[in-house]
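**Student:** Prediction below, plus the sequence it came from.
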Amino acid sequence: MSNESPVLESSNCVLECEGLVRRFDEGPRVITVVNDVDLQLMRGEFTAIIGNSGSGKTTLLQLLGGLESPTEGTVKVMGQSFSTLSDTERGHLRNRHIGFIYQFHHLLPEFTALENVAMPLLIGKKGVKQSKQEAHEMLERVGLGERISHKPGELSGGERQRVAIARALVTKPSCILADEPTGNLDVNTALQIQDMMVELNQSLNTSFLIVTHDVGFSKRVDKVFNMENGKLIQLKD
């Protein structure tokens, strides 16, 4: 299999799925967690998915990010279907075009903020000096230029999440997939992180797709969908 990144179509649609289904076998029962979902995320768009716990939101995000394979349906990133790619090619596509942010930052505790943010660039085979320079610039962008040498244990919860956001954005991805990105923060810190994500969405023209329980946050975005029993219903356009 080729290690080269696949050729991508030029389109304003950066991420899309069609007829997406994910089923799990639980003994004699078959549970449908994601049920015939169609979705398009356009360039520069900020979209939120809300819904009760267990409604399928996180599974949908994992499918869209190529971290899980669907039972049925297709997922395309920049016009390229995950199902047509080898594992290596899928990894290249994710690394280049998708950034992930989670409720818990998942930073590597033994590395500094700078090293954590540089990691995706190094994985993408960029040189060490250039990777660190771009990581430093992104940390400056999220207001942590003075904290680059600090390890996660030396940072506050909000600072750790800023590092995680910088890490997601450092490869200049086409879109960010965020699962409850402010769910583990106090109200004031959560608002600051939300402000920063909205500003970055607008200034970088990077598409954001977030799963959130925060109704206030969902009011600030371009589109809102509700997920219920695996189905996706648009509430705001």
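**Tutor:** Now that the structure is in, tell me what you want to look at. Numbering: from 1, shown residues only.
**Student:** Which is the succeeding secondary structure element to the helix or strand harbouring residue 199?
**Tutor:** Taking DSSP states H and E as the criterion, residue 199 maps to helix 187-204. Heading C-terminal from helix 187-204, the first helix or strand you meet, by DSSP H and E, is strand 207-211.
**Student:** Against which helices or strands is that following strand packed?
**Tutor:** If you count contacts as 3 or more CB pairs under 8 Å, 6 or more residues apart in numbering; DSSP states H and E, strand 207-211 packs onto strand 13-26, strand 29-42, strand 46-50, helix 57-64, strand 175-179, helix 187-204. Just so you know, the C-beta spots here come from the backbone N, C-alpha and C atoms, and that holds for glycine as well.
**Student:** average model confidence for the fifth one?
**Tutor:** The reference is to strand 175-179. For strand 175-179, mean pLDDT rounds to 91.
**Student:** Can you tell me the strand partners of it and which way each runs?
**Tutor:** strand 98-101 (parallel), strand 207-211 (parallel) (DSSP bridges).
**Student:** following the last one, which helix or strand shows up next?
**Tutor:** Using DSSP H and E, the next helix or strand after strand 207-211 towards the C-terminus is helix 215-218.
**Student:** Show me what the mean pLDDT comes to for that next one.
**Tutor:** Helix 215-218 carries an average pLDDT of 78.
**Student:** Check which residues of that helix are buried.
**Tutor:** 217, 218 (16 or more other CB atoms under 10 Å).
**Student:** C-terminal to the least confident helix or strand in the chain by mean pLDDT, what's the next element?
**Tutor:** None of the helices or strands of the chain scores lower by mean pLDDT, DSSP states H and E than helix 215-218, at a mean of 78. Once helix 215-218 ends, the next helix or strand along the chain (criterion: DSSP H and E) is strand 223-228.
**Student:** Need the contact partners of that following strand.
**Tutor:** Residues from elsewhere that reach strand 223-228 (CB atoms under 8 Å, 6 or more residues apart in numbering): 39, 45-52, 55-57, 60, 218, 232-237.
**Student:** Which PyMOL command selects the buried ones in these?
**Tutor:** Remark: buried members of these, expressed as a PyMOL selection using 16+ other CB under 10 Å:
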select buried, resi 39+45+46+47+48+49+50+51+55+56+57+60+218+232
